[in-house]
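K.L.:
Predicted model follows, preceded by the sequence.
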Amino acid sequence: MAGRLTQKEAGAYYTPDQLVGTLVRWAVHDENDRMLDPSCGDGRFIAGHRNTVGIEQDLESAKLAMHRAPWALVHEGDFFAWAAETSERFECAAGNPPFIRYQSFKGPVRERALSLCQSLGAKFSGLASSWAPFLVATAGVLKAGGRMAFVVPAEIGHAPYAAPLLEYLVGNFELVHVVAVRSKLFPELSEDCWLLYTEGFGGQTDEIRFTAVDNFKPGTSTRPPSNALKIPVSEWRTIWNRRLRPFILPGAARDLYRLAAKDGRSKRFGEIANVGIGYVSGANDFFHLRPSQADKLGIPPALLHPAVRNGRALPSNRLTKNTVDKWRAADEAVMLLRLPKTSTSKLPSAVRRYLDSAAGLEAREAYKCRVRDPWYSVPDVQMPDFFLSYMSGVTASLVLNAAGATCTNSVHGVRVRDKANMASLVKHWDNDFLSLSREIEGHPLGGGMLKLEPREAGQILLPPEDMLPQLDGQVMADAVSTMRRWRHYA
């Protein structure tokens, strides 16, 4: 094996002993149960039970696991390759699967993982992080009636790639229970973690059990908390768009949201407008010029266009020409060099000199520039009707584009289709119900931020005008506070 994997490469963040003990108690119901940890790291889980098998890709960690649990059988290598070949079957499994995002979860290991999961009946998208296939592959080596108890990223509550996992679990286990924990189980990580318990492999269920707690409290119980909501799978799929995160809310708030979602007059933002990311220049420092720089280079003003480069630049409600003039006066690098798809011979000489400068020679080698033709023509430059912040703290901003500006992919562009409903959306944007809808349809990001992908923004719910008064009040205000508290926004 080459060098030892870094913690980030391995997706390995070792689990506190009290949490390990709790999950092992949930998984192991008899001293003769054989338990698997598919990514055993330094052996914390397999040390908690005498009849265990661990798989670990990192040789040094595998050695630590053997030392910590000398009675255990530890295999060093790729879990997915092992799972595809083994004939062993287990009564239970427990652990903390590696959390490696799709950008790094790639190559032959990824191919084996997704192929194995598909053969087991779970089809993941190309955006799946490693932990979700780990759980499906682990279930595939359980005996009938088998159980699993795992630490999972809180993304199980909202990420689209987690939905195929939950679909697989409800289709293959008699009980599926998710325990949402608000306080951080791993204080050193920005990622929140929840807990997952399943039992009765080989069966199926039409409900997902869900418990939300502020703090994890280790105990002696052999089962997750008994005070669980029983969420119909049909409701999870439809009203809540295959998300569990809304169930951290009190029932009264969910009831009101459900009422609005079921009203045939309600509209989703995606029905009112197209929401999409802005352009990708590939080399922002090269393509965005300061006015003084453009003057010095002799770039014709007709080839420069004002651009919103990030959400911090947005004013509260309306971006005007006056705002752009202030940017210019401050000599900010907000003027996009917008060149047509034409040969360089047809471009002004000043532009040609800039393209052939040292900065230009460097920019053209950037990946996004290198793969487009011509490299210097930034695609998908649009002047939307509104801007919508992509990531935000207290709340997302919806800003009228009265300046005819464009925007990078750090901000969403909104192009209106239904002017009447758009006017209503703008009017009620700061209403508590609309604020809650943004929290429900978006998702938390590290550091307490709220992130709205275009597809999530498209799900923001606008109730009819005559319904809004009954959706206002303390219930909604408290619900918004709850969602912000769970994403750690102070």
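P.N.:
Nice, thanks for sending it over. Numbers count the residues shown, from 1 in each chain.

K.L.:
middle-most residue in this structure, spatially?
P.N.:
Ala159 (5.1 Å; C-alpha atoms, centre = their mean).

K.L.:
Tell me, how many residues neighbour the spatially closest residue to Trp131 that is not a sequence neighbour?
P.N.:
Nearest residue to Trp131 in three dimensions, chain neighbours excluded: Pro97, at 4.2 Å (C-beta to C-beta, 6 or more residues apart in numbering). Every residue, glycine included, has its C-beta placed from N, CA and C. Using other C-beta atoms under 10 Å, Pro97 has 26 neighbouring residues.

K.L.:
what does Gly219 give?
P.N.:
As a measure of burial, Gly219 has 11 neighbours, counting by other C-beta under 10 Å.

K.L.:
part of a helix, is it?
P.N.:
No. Gly219 sits outside any helix when classified using DSSP: H, G, I helix; E, B strand; the rest coil, being coil.

K.L.:
Skipping its backbone neighbours, what lies nearest it in space?
P.N.:
Per C-beta to C-beta, 6+ apart, closest to Gly219 is Thr22, 6.8 Å.

K.L.:
Quickly find the element holding Val24.
P.N.:
helix 17-27 (DSSP states H and E).

K.L.:
Not counting that helix itself, show me its contacts.
P.N.:
15, 33, 35, 44-45, 48-49, 92-95, 147-151, 185, 195, 197, 216, 218-224 (C-beta atoms under 8 Å, 6 or more residues apart in numbering).

K.L.:
go with 6 Å
P.N.:
Arg44, Phe45, Gly48, His49, Cys92, Ala94, Arg147, Ala149, Tyr197, Pro218, Thr222 (C-beta atoms under 6 Å, 6 or more residues apart in numbering).

K.L.:
if I pick the last one, what's in contact with it?
P.N.:
Same thing as Thr222. Arg25.

K.L.:
Look up the pLDDT of it for me, please.
P.N.:
You'll see Thr222 listed with a pLDDT of 84.

K.L.:
Let's verify it: helix, strand, or coil?
P.N.:
Under three-state DSSP, Thr222 falls in the coil class.

K.L.:
quick one: which of the contacts of helix 17-27 is nearest Leu169?
P.N.:
Tyr197 (10.3 Å; C-beta to C-beta).

K.L.:
doesn't the closest one fall inside a strand?
P.N.:
Yes. With three-state DSSP as the criterion, Tyr197 is assigned to a strand.

K.L.:
Pretty sure Pro224 is one of the things it touches, is it not?
P.N.:
Yes. Between Tyr197 and Pro224 there is a contact at 4.8 Å, judged by C-beta atoms under 6 Å.

K.L.:
what residues do the two have in common as contacts?
P.N.:
His177.

K.L.:
So what's the residue count around the residue nearest to Gly219?
P.N.:
25.

K.L.:
Okay, now the unreliable bits of this protein?
P.N.:
Scanning the chain for pLDDT under 70 picks out the ranges 1-13, 100-106.

K.L.:
Tell me how it divides into domains.
P.N.:
For the chain, automatic domain parsing gives the domain ranges 7-248, 251-490.

K.L.:
most neighbours per residue, which of the ones you listed?
P.N.:
Per residue and on average, the most neighbours among these fall to domain 7-248, with a mean of 19 (mean count of other C-beta atoms under 10 Å).

K.L.:
Return the distance of it from the chain's centre.
P.N.:
18 Å (C-alpha atoms, centre = their mean, to the nearest Å).

K.L.:
I'd guessed Pro224 sits against Leu196; true?
P.N.:
No. Counting by C-beta under 6 Å, Leu196 is not a contact partner of Pro224; they are 9.1 Å apart.

K.L.:
mind listing the strands for the stretch 1-150 of the chain?
P.N.:
35-37, 52-56, 73-76, 90-95, 142-153 (DSSP state E, counting those that start in this stretch).

K.L.:
Parallel or antiparallel, list what pairs with the longest one.
P.N.:
To tie it back to what came earlier, the one meant is strand 142-153. strand 90-95 (parallel), strand 193-201 (antiparallel) (DSSP bridges).
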